[in-house]
Each structure stands twice: as C-alpha cells, then as structure tokens.
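Visitor: Quick one, fold the following:
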Amino acid sequence: MKNKHMRRDLFFVLLLTFPLVATKQYASQVTSTGTITIPQGTLLLEDVSSTIDYGKIEQPIEEEVYSIKVELTVNDTREALPGWDVFVKNAPVNWDEQNLKLSIDDKQTISSDESVKILSYDPATYENTTTEAFKVFLTVGPNIQPGLYETKLIWELGALPK
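Guide: Numbering: from 1, shown residues only. Below is the predicted model:
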C-alpha cells in the first residue's frame, strides 16, 4: 500500500555539452625604442607665497570678494628653453565649497577637481628668471557658517613638449 502523503520530488538534470575546438595561439613581441634628451640646467619654482591669510572676516550679508597679491618666481637655467607652464590646484582641508571660492586674476576658479593653468611661457618670450604677480581672490557667500576654514594650494611647474 502506498503512502498517500509520500512526497515525490522530481529532479531534472540538464546536461549541456559544447564542442571543444582546439586552436593554435601564436604570440608575437614588438619592441619599441625611444629617446629623451634632458638638457643641462634646472627648472625650478623658486619662490611662491607659502601662506595666504585673509585674516578674520565677518559673515557677509551678501557675497563678498577679498584679494591678496602673491608672487611666483620661476628660474630656468636649461641650455635649450622649450617653455614651461605653471598650474595650481585647490586641496581643501577644512573648506565649504558651496560658500567659499578661490580664483586667480581673471576670476578663473581654482577647483579641487583639476589643475588650472595660470602661467605659460614659450622660448621666444621669456628670460631665465621670471617673477609674476597674481591676485588670489576669495569669494565668501552669505550662507557661510562661522568657523576656521583652511585649504592648500598646490603649485605645479611643468615643461612638457608643446
């Protein structure tokens, strides 16, 4: 006599087969060679203001803009003068990106996303030592909360092929 409550489970086994095709694989190797010439001499970012301090600022009723003059000196004593570029980037430490904005001379915003080119010289127009003055603008929005705010400016000097 069969048990009426006996459970019958059904199992399905699905067997998939794929043909195995053997193919020959060949490896190849390519060697590239290149040269680079480093001219004698140096390219240095010699002097840039190490501190930019706007001091104590009262919370504005509407947007306020403050500025500080900074100087930057580049010394290039290389034999061949291919040109160079100076970039700056904002590296926030304690910063309110909604209410605080930094910019250079022409109001080009210095962001934390990418470096901004602020100075560029080509071989036909510069001397070995170049000093440039800039204004660093700080825009303070009316919704800024009282506190101590700090950021770092990262100055980069590069001499890349044009």
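
Visitor: Please report phi then psi for residue 147.
Guide: phi 160, psi -180 (degrees, to the nearest 10).

Visitor: mind listing the strands for the chain?
Guide: 43-48, 64-76, 84-94, 100-104, 108-110, 116-121, 129-140, 150-158 (DSSP state E).

Visitor: So which of those is the most surrounded?
Guide: Highest mean neighbour count of the strands of the chain: strand 100-104, a mean of 19 (counted as mean count of other Cβ atoms under 10 Å). All C-beta spots, glycine's among them, are computed from the backbone N, C-alpha and C.

Visitor: That one packs against which elements?
Guide: strand 108-110, strand 129-140, strand 150-158 (3 or more Cβ pairs under 8 Å, 6 or more residues apart in numbering; DSSP states H and E).

Visitor: If we use 6 Å, what do you get?
Guide: Judged by 3 or more Cβ pairs under 6 Å, 6 or more residues apart in numbering; DSSP states H and E, the packing partners of strand 100-104 are strand 108-110, strand 129-140.

Visitor: neighbouring strands for that strand, and are they parallel or not?
Guide: strand 108-110 (antiparallel), strand 129-140 (antiparallel) (DSSP bridges).

Visitor: got the strands of the chain as a markdown table, with mean pLDDT and distance to residue 58 columns?
Guide: Formatted as a markdown table, the strands of the chain follow (pLDDT from 0 to 100; distance: least, Cβ to Cβ, whole Å):
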| stretch | mean pLDDT | distance to residue 58 |
| --- | --- | --- |
| strand 43-48 | 78 | 29 |
| strand 64-76 | 88 | 9 |
| strand 84-94 | 86 | 19 |
| strand 100-104 | 87 | 15 |
| strand 108-110 | 78 | 23 |
| strand 116-121 | 84 | 29 |
| strand 129-140 | 87 | 9 |
| strand 150-158 | 86 | 18 |
